[in-house]
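Asks: pasting a predicted model and its sequence here:
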Amino acid sequence: MPVGPKNDLLSPFPAYLHLDKVGHFLGFALLGGALRLTGRIGPLTAFVIATLLGALTEALQFLAEGRIGRVTDVLIDGAGAALGIAVVMALLRLQLHAGRRGAAAR
């Protein structure tokens with residue numbers, strides 16, 4: 001549903017919050033993190049896969065009447081994926097470091 005003046009009046013959230021952009025960012029952060037968490041692919045590959053999926057979803061919008069894809073959404077998707085990947089990598093490093101510290105204390 002397009003967001004316009006009439007729809008903004010019905011929304012409990014102010015229009016300046018751009019919740020669709022926040023949704024893009026968080027969704028792709030989860031995707032990027034999940035891809036990296038599999039352990040089967042590296043961070044760069046996870047980033048490329050997530051960003052290409054974002055680009056594909058934006059490109060497919062040109063096939064739907066009344067929808068247009070936006071480059072900014074792809075950039076937001078990529079930024080979210082990068083953050084998700086970075087968070088997972090940081091958590092894995094912390095877990096590894098804690099494991100080494102525990103083994104050294106024994």
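Replies: Received the coordinates, thanks.

Asks: give me the three-state assignment for the closest residue to residue 71 other than its chain neighbours.
Replies: Once flanking residues are discounted, residue 71 sits nearest to residue 58: 7.6 Å by Cβ to Cβ, 6 or more residues apart in numbering. The way it works is simple: take the backbone N, C-alpha and C, and place the C-beta from them, glycine included. Secondary structure, DSSP: H, G, I helix; E, B strand; the rest coil: residue 58 is helix.

Asks: what of the one 10 residues further on?
Replies: Secondary structure, three-state DSSP: residue 68 is coil.

Asks: tell me which residue lies nearest the centroid of this protein.
Replies: residue 28 (1.7 Å; Cα atoms, centre = their mean).

Asks: quick one: buried residues of the longest helix along the chain?
Replies: Criterion DSSP state H: the longest helix present in the chain is helix 71-105. With burial defined by 16 or more other Cβ atoms under 10 Å, the residues of helix 71-105 counted as buried are 73-74, 76-86, 88.

Asks: in a markdown table: the residues you listed, plus pLDDT.
Replies: Shown next, in a markdown table, are the buried residues of helix 71-105 (pLDDT from 0 to 100):
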| residue | pLDDT |
| --- | --- |
| 73 | 95 |
| 74 | 97 |
| 76 | 97 |
| 77 | 97 |
| 78 | 98 |
| 79 | 98 |
| 80 | 98 |
| 81 | 98 |
| 82 | 99 |
| 83 | 98 |
| 84 | 98 |
| 85 | 98 |
| 86 | 98 |
| 88 | 97 |
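
Asks: okay, now the unreliable bits of the chain?
Replies: Scanning the chain with the threshold set as pLDDT under 70 gives 1-17, 102-106.
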